[in-house]
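**Student:** Here is a sequence together with a model predicted from it:
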Amino acid sequence: MIALLFVIFALYSATTYFKDDFSDGEGWTKRWVQSTKRPAGERGALKSTAGKWATNVESETGIQTSEDARFYHYTAKFNEFSNKDKTLVLQYSIKNEQSIDCGGMYLKLHPAGIDQENYDGETEYNIMFGPDQCGHQKRIHAILSHGGKNYLVTPDIDLDLNQFTHIYTFIMRPDNTVEVLVDGESKFTGAIDDKWEILPPKKINDPAQSKPSDWEDDAQIDDPEDKKPEGWDAIPETIVDPEAKKPDDWDTELDGEWEAPTIPNPEFKGPWRAKRIDNPKYKGPWVHPQIDNPDYKPNPNLYSYKSFGAVGLEVWQVKAGTIFDNILVTDSVEEAAEARTAVLTRKDTEAKLHAEESKAESAKAAEADAEDKEEEKSDL
């Protein structure tokens, strides 16, 4: 009961800064502004749709990229806030009906005051989050901007995609840590000063130390007792072909002196190399001793931004078809979890409907193939 009361209190005390589930049809066009900075022929149009395998069109409607090889630059504003001393959660769902091969699926959180009409990839942002794939490179972006520079999380957060709805959650806490969830499962947790190279490193190589000159870091060496056999270097690489014979019609006056062709010498073994043995003096790789970096100064406010005022969609896709939905910006992990649970109920249904669709298509194709074969028989 106490735990339940705590969750209820957390939900009621939460602040929802921005929320859009696009369930009001074309109403989203009044909230979101498309940038006109790029030429019209390069701008991609978003359309309102629930897409394939939907069971509740109203609740599952989102905005879908509808044109291949286009830039999608859209923003929506909200009341300005700072996340100082607060948890910040950015969450949204995507469904890649097109089985995306190259393109972004991320959102950005911007400070207040951005120019929506001229919005593009150069527009200042605080956080860039979400999946991105091109060829074999698949990762979840978690980029933080500080001092005019953008810092990628290290190492990359792995990404596994399919055609069904997935929900991505970015949580940044006042203890300077970030957590990334996919479908409610934690995929990454780390401290900002450890996983983003915003600050100088805590440790550096000791400049007063260097590898000793007698340090043996070769695991194997040439066997000192192995000697090159006598006559090894005297063996030629090629020899005259013993089976070659001067052609009967060879005319020395016209063709010159006949020379037998050469062939690879089967006795030739190439350059001699001594056998390799384990190095008895091997000490392993030398590790440079480290010391505290005098330039490192901890910053407890790396998580904190003075201003958030807009959410942005700034992506390019080779093949369109991604549906963005259930966008939420809040300070409540509990609110995000409740919204996430509601979205994830559709995953199993989508997979079932997709399987039924594939089965029906296969049956239809088999039927058409059988009809073609019958027509071929009747023609005979």
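**Tutor:** Looks like it arrived, so ask away.
**Student:** which residues does the residue nearest the centre of the chain contact?
**Tutor:** Central residue of the chain (Cα atoms, centre = their mean): Arg139, 1.7 Å from the mean position. The contact partners of Arg139, by Cβ atoms under 8 Å, 6 or more residues apart in numbering, come to 131-133, 156-159. From N, CA and C alone the C-beta is placed, and that goes for glycine too.
**Student:** same check, this time on Asn301
**Tutor:** Residues in contact with Asn301 (Cβ under 8 Å, 6+ apart) are 84, 176.
**Student:** you'd agree it is in a helix?
**Tutor:** No. According to DSSP: H, G, I helix; E, B strand; the rest coil, Asn301 belongs to no helix; its state is coil.
**Student:** pLDDT score for it?
**Tutor:** Asn301 is assigned 97 on the pLDDT scale.
**Student:** Looking at the contacts of Arg139, spot the one nearest Thr252.
**Tutor:** Among those, Gln133 lies closest to Thr252 (Cβ to Cβ), at 71.5 Å.
**Student:** neighbours around that closest one, how many?
**Tutor:** Other residues lying near Gln133 total 19 when counted by other Cβ atoms under 10 Å.
**Student:** wait, doesn't it sit right on Ser99?
**Tutor:** No. Look at Gln133 against Ser99 with Cβ atoms under 8 Å: they stay out of range, at 10.3 Å.
**Student:** quick one on the thing from earlier: look at the residue nearest to the centre of the chain and give its secondary structure.
**Tutor:** Under three-state DSSP, Arg139 comes out as strand.
**Student:** mind checking how far it is from Asn96?
**Tutor:** 15 Å (Cβ to Cβ, to the nearest Å).
**Student:** For this structure, which segments are assigned as helices?
**Tutor:** 2-12, 28-31, 57-60, 192-195, 252-255, 333-344, 347-379 (DSSP state H).
**Student:** If you count neighbours, what's buried in the third one?
**Tutor:** Counting neighbours by 16 or more other Cβ atoms under 10 Å, one finds that the buried residues in helix 57-60 are 59-60.
**Student:** okay, that helix in PDB with CA atoms only?
**Tutor:** Below are the C-alpha coordinates for helix 57-60, written out as PDB (Å, rounded to 0.1, in the frame of the first residue of the first chain):
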ATOM      1  CA  VAL A  57      -6.500   3.600 -35.100                       C
ATOM      2  CA  GLU A  58      -7.100   6.600 -32.800                       C
ATOM      3  CA  SER A  59      -4.600   5.500 -30.100                       C
ATOM      4  CA  GLU A  60      -2.000   4.200 -32.500                       C
END
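**Student:** Other residues contacting that helix?
**Tutor:** Contacts of helix 57-60 (Cβ under 8 Å, 6+ apart): 21, 23, 50-51, 54, 325, 346.
**Student:** Show the pLDDT at the residue of the chain most remote from its centre.
**Tutor:** The centre of the chain is farthest from one residue, Glu253, which by Cα atoms, centre = their mean lies 73.1 Å away. Glu253 carries a pLDDT value of 82.
**Student:** what's the answer for Phe6, then?
**Tutor:** 49.
**Student:** same question, His136
**Tutor:** 84.
**Student:** what's the distance between it and Ile100?
**Tutor:** Separation of His136 from Ile100 (Cβ to Cβ): 13 Å.
**Student:** same question, Asn79
**Tutor:** Taking Cβ to Cβ, one finds Asn79 at 33 Å from Ile100.
**Student:** about what we covered before: now the contacts of helix 57-60 in CSV, please, with extra columns for neighbour count.
**Tutor:** Below are these laid out as CSV (neighbours: other Cβ atoms under 10 Å):
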residue, neighbour count
Asp21, 20
Ser23, 18
Ala50, 20
Gly51, 20
Ala54, 19
Asp325, 23
Arg346, 20
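**Student:** Cross those residues against strands and list the overlap.
**Tutor:** Asp325 (DSSP state E).
**Student:** Distance to Pro174 and pLDDT for the contacts of helix 57-60 - can I get that in JSON lines?
**Tutor:** Shown next, in JSON lines, are the contacts of helix 57-60 (distance: Cβ to Cβ, whole Å; pLDDT from 0 to 100):
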{"residue": "Asp21", "distance to Pro174": "28", "pLDDT": "95"}
{"residue": "Ser23", "distance to Pro174": "32", "pLDDT": "92"}
{"residue": "Ala50", "distance to Pro174": "37", "pLDDT": "91"}
{"residue": "Gly51", "distance to Pro174": "37", "pLDDT": "88"}
{"residue": "Ala54", "distance to Pro174": "39", "pLDDT": "86"}
{"residue": "Asp325", "distance to Pro174": "29", "pLDDT": "96"}
{"residue": "Arg346", "distance to Pro174": "33", "pLDDT": "81"}
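**Student:** ok, so of the contacts of helix 57-60, who is nearest Glu335?
**Tutor:** Asp21 (13.4 Å).
**Student:** Dig out what Lys95 forms beta bridges with.
**Tutor:** Beta-bridge pairing of Lys95 under DSSP bridges involves Ile323.
**Student:** my bad, Leu144
**Tutor:** Ile127, Tyr151.
**Student:** Report how many residues lie close to it.
**Tutor:** 23.
**Student:** residues contacting Leu313?
**Tutor:** Leu313 is in contact with 32, 46, 72-75, 107-108, 324, counting by Cβ under 8 Å, 6+ apart.
**Student:** related to what we said a few turns ago, any idea how far the residue farthest from the centre of the chain lies from Lys245?
**Tutor:** 19 Å.
**Student:** and the gap between the closest residue to Pro111 other than its chain neighbours and Phe81?
**Tutor:** Distances taken as Cβ to Cβ, 6 or more residues apart in numbering put Ser307 closest to Pro111, at 4.0 Å, once the chain neighbours are dropped. Note on Ser307: its distance to Phe81, by Cβ to Cβ, is 8 Å.
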